[in-house]
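Participant: Predicted model and sequence below, questions to follow.
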Amino acid sequence: RNGIGLRPLGSSAAEFEQDLLSNLYYRRGTTVESASAQDAYESLVLTVRDRLAERRARTTAAHYAANPRWVYYLSAEYLLGRQLEQNILYSGTGEIATAAMKALGVSPEEMDELDIEPGLGNGGLGRLAACLVDAMATLDIPAIGYGIRYDFGIFKQTFVDGAQVEKPDDWTFQGNPWEFPAPDDRQTVFFYGHTTRDEAGRTKWIPGEIVLGEPSHMLVPGYGTETVNIVRLWRARGSESSFDLERFSAGQYAEAVQEAVRAENISKVLYPDDSTELGRELRLKQQYFLVSCSLRDILRRFRLWGGPLTDFPAKSVIQLNDTHPSLAIPELMRLLVDEEGLGWDEAWLLTQRTFAYTCHTLLPEALETWPVALFERLLPRHLEIIYEINQRLLDEVRSRYPGDIDRVRRMSLIQEAPERRVRMAHLAVAGTSAVNGVAELHSQLLAETTLHDFATMWPGKFRNVTNGVSPRRFLRIANPALSELITSALGDSRWAGDLDRLRGLERFADDPAFLRSWRDIKRANKARLGLGDPDALMDVMVKRFHEYKRQQLKLLHVITQYHRIKDNPGGDHVPRTVLFAGKAAPAYHAAKSIIRLINAVAATIEADPAVTPYLKVVFPPNYNVTLGELIIPAADLSEQISLAGKEASGTGNMKLALNGALTIGTLDGANIEIRERVGAENFFLFGLDTPAATELKASGYHPRSYYERDPELRAALDAIMSGAFGGVGKEVAESLLNWDEYLTLADFRAYAECQEAVDRAWQDQTAWTKASLLNTARAGYFSADRTVSDYASTIWHVEPVRVTRD
Ligand code: 26V
């Protein structure tokens, strides 16, 4: 028996198979003879899940005994990726699960196909949340991730005539066997209504709408440890009385359920508008729903321990993943002041000590602001609290900078014109004790520009924590062949939990046999992907579509290469497969035009037999974590070509370098740190840096002058304008010629020349492979384990709690 009074689950193949059968019979209620593939899949999931659940129970016991400081990670998004393979790896059931599947006559591939990826996020920010919770568990940090259980995740991208068409992502259509619903932990959330004061002068919020939040959790095991943490996801529900039987009986069927429908709409769908603020009421409701449910749950957990409220920050640190959950600041103030009866000053100190804020952008249009009028209607008490926070903040500004009225206006939580709006980033800075950017450059630019006034007033608050990625998911699982080679070279697989060990690969940098194996694996990964000739250079740009990321720059270069091949059919062109993947926000027309143009250029090239031996453009639809795991290990070249100063960090850049892709990139985000670590000689650098870009914009930028001076650039844009690609994409060319917000044309020539250096480097396959190996060997810093350990030591001040086997 273990410490939780259970007979531990068997670790032999026979026991695993027995448990699988018992799950098939007792929990699926079927038999081997009549089992569907879905029955087999769900039985397998339950068998693996039980092994983690046992560890979860021991983790909980250890946490209660230790009474530690907890990390609560609040995020509106999680891109967890498929669960089955990861949970098999993390539970050490790889061999026995494979044997049991064999006995049942199902293949691992078939089971993986049925394992649906929960796409509860847009892109980098959501995947970062998943990598960080993975690393927290791996480092034995007591932590819970809080989020929203959207019924519909990020849309499925399809192409119709090359144009993006969105389809709903009903990810739980077949149920979700990974989650544990916990209806007893449901919470009540208020919206709308008004405030009153009672006899004692305390404020009361009389709500106009009441909604229930029902949690379920997914297990988050650590790698190479016993810890199993959770992410707790809230779904909105109407109350028992929200079904109106009287109306139903009167035949008013829609009206009978309207209250429940209204409630349930709150967690219906993830907003897909990565990086542009739409200011929709339902989105603000989602944010408050997440915050209100999570804070009540955190307080419930705190009360289980029973210490005084003044110890709350000593026992909890709440990390805000961008401003999306920043309503947690006024919400905690409301709970402490209105419900717990604390004085303002004491409550404010407790609140500030509890929260920390991570900023993920520099783009002004991504900074959240909400109309005061909307706040007043939806969250009347929170607006009062925000006003009070603001008054005290601005008093401090006035006393620190007497007479500086403009500074007061700039720093206010309220933007006055053209419309009164609440600035959520300012709220997040005011209400926390630490604010961090996600790469060195980003943190520096935040302090120098976007949050300059705050960084001047509170320099001690500002930090950098460079992002990282899960080495398990993005190397060990995504790239099994390379992982095996690394393990055999290093002598063991400890690197997956201690990524700096990859350094040991440097000894093989001049070992011809090793380099040959390295190259063979890259080739096999390209063959596995099955898009293009595995001997061609695989040139990969995978990320959300946004003008600042400059997929259009890459496309202009593809058109240039196409022209060069047409003009010189017998030349010694380096064969390339250019792979684009990524989604555009449904309302982001400019990004969708770029997608459509890429598909049109791909079709034109594909139809030209003089060009196809050298150039192929592929664009697999619906980029997600699963597809990333297939593409990233196959990449030779990683495109990280955003305009300097715009990409906060990037994390795809890290995943690709870790898998031995060489980067072609600008001095932006974490590219700078990647280059520093892998070595400038193993990185293709081009383009304007941030000061040069700022300077060019300030001095008056004229994209047309680049067009006029550069014949190849002109030919590429003229081809688009003249309809060479099925008449598609003229608006893309026009926007570049007339405006070009992100200095695409200014960087074109430098980019084209840098791509020539790439071609030359590719000709020496030994040298290329060595650089590839060195990229992997030196990417250890970009492990999310290092990121979490930075958060733990500089912001959270938490200690690990070891979980024992018995
Ligand atoms: C922003 C917004 C704006 C309001 C509407 C809904 C919505 C949804 C998501 C977002 C997130 C945009 C911020 C984001 O994803 N930033 C990315 O964060 C990555 C992780 O830190 C980082 O690597 C990327 O550079 C950064 O773009």
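Facilitator: It's in.
Participant: which element is residue 31 on?
Facilitator: Under DSSP states H and E, no helix or strand contains residue 31.
Participant: That one: neighbouring residues, count only.
Facilitator: For residue 31, the count of nearby residues is 11 (other Cβ atoms under 10 Å). C-beta coordinates here come from the backbone N, C-alpha and C atoms, glycine included.
Participant: neighbours around the residue in the chain that the ligand sits nearest to, how many?
Facilitator: Relative to the ligand, the nearest point of the chain is residue 124 (2.9 Å; Cβ to the nearest ligand atom). If you count neighbours by other Cβ under 10 Å, residue 124 ends up with 25.
Participant: For it, which non-adjacent residue is spatially closest?
Facilitator: residue 651 (5.4 Å; Cβ to Cβ, 6 or more residues apart in numbering).
Participant: Return the residues in contact with the one you found.
Facilitator: Contact analysis of residue 651 by Cβ atoms under 8 Å, 6 or more residues apart in numbering lists 124, 127, 128, 131, 467, 468, 469, 670.
Participant: Now with 10 Å, please.
Facilitator: Residue 651 is in contact with 123-125, 127-128, 131, 438-439, 467-470, 474, 543, 669-670, 782, 784, 787, counting by Cβ atoms under 10 Å, 6 or more residues apart in numbering.
Participant: Next SSE downstream of the lengthiest helix in the chain?
Facilitator: What stands out as the longest helix in the chain, according to DSSP state H, is helix 37-66. Next in sequence after helix 37-66, counting helices and strands by DSSP H and E, comes strand 70-74.
Participant: which other helices and strands contact that next one?
Facilitator: Contacts defined by 3 or more Cβ pairs under 10 Å, 6 or more residues apart in numbering; DSSP states H and E place strand 70-74 against helix 124-138, strand 143-148, strand 228-237, helix 281-305, strand 316-321, strand 355-358, helix 784-791.
Participant: strands paired with that strand, and their directions?
Facilitator: strand 143-148 (parallel), strand 316-321 (parallel) (DSSP bridges).
Participant: isn't residue 543 right up against residue 124?
Facilitator: Yes. Counting by Cβ atoms under 10 Å, residue 543 touches residue 124, with 7.8 Å between them.
Participant: Which neighbours do these two have in common?
Facilitator: What both residue 543 and residue 124 touch, as defined by Cβ under 10 Å, 6+ apart, is the set 647, 650, 651, 652.
Participant: And residue 186, its phi and psi?
Facilitator: Per-residue torsions, residue 186: phi -70, psi 150 (degrees, to the nearest 10).
Participant: per-residue confidence at it?
Facilitator: Note on residue 186: pLDDT of 98.
Participant: Could you find the closest non-adjacent residue to it?
Facilitator: Nearest non-adjacent residue to residue 186 (Cβ to Cβ, 6+ apart): residue 214, at 4.6 Å.
Participant: And for residue 280?
Facilitator: residue 271 is the one closest to residue 280 (Cβ to Cβ, 6+ apart), at 7.3 Å.
Participant: Show me what from this structure comes close to the ligand.
Facilitator: 122-125, 128, 271, 273-275, 277, 360-361, 366, 368, 438, 467, 647-651, 669 (Cβ under 6 Å from any ligand atom).
Participant: Regarding this structure, what is its longest strand?
Facilitator: strand 209-221 (DSSP state E).
Participant: now the helices: where do they sit in the stretch 651-800 of the chain?
Facilitator: Applying DSSP state H, counting those that start in this stretch to the stretch 651-800 of the chain gives helices spanning 652-658, 671-678, 690-698, 703-709, 711-721, 730-738, 744-763, 765-777, 784-791.
Participant: Can you list the neighbours in contact with the fourth one?
Facilitator: Okay, so that is helix 703-709. Against helix 703-709 from outside (Cβ under 10 Å, 6+ apart): 702, 713-714, 716-718, 733, 735-741, 743-749.
Participant: Please, a ChimeraX command that selects the buried ones among those?
Facilitator: Buried subset of the contacts of helix 703-709, written as a ChimeraX selection, criterion 16 or more other Cβ atoms under 10 Å:
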select :713,716,717,733,735,736,737,740,743,744,745,746,747,748,749
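Participant: wait, doesn't residue 723 sit right on residue 597?
Facilitator: No. Using Cβ under 10 Å, residue 723 is not in contact with residue 597; the gap is 11.7 Å.
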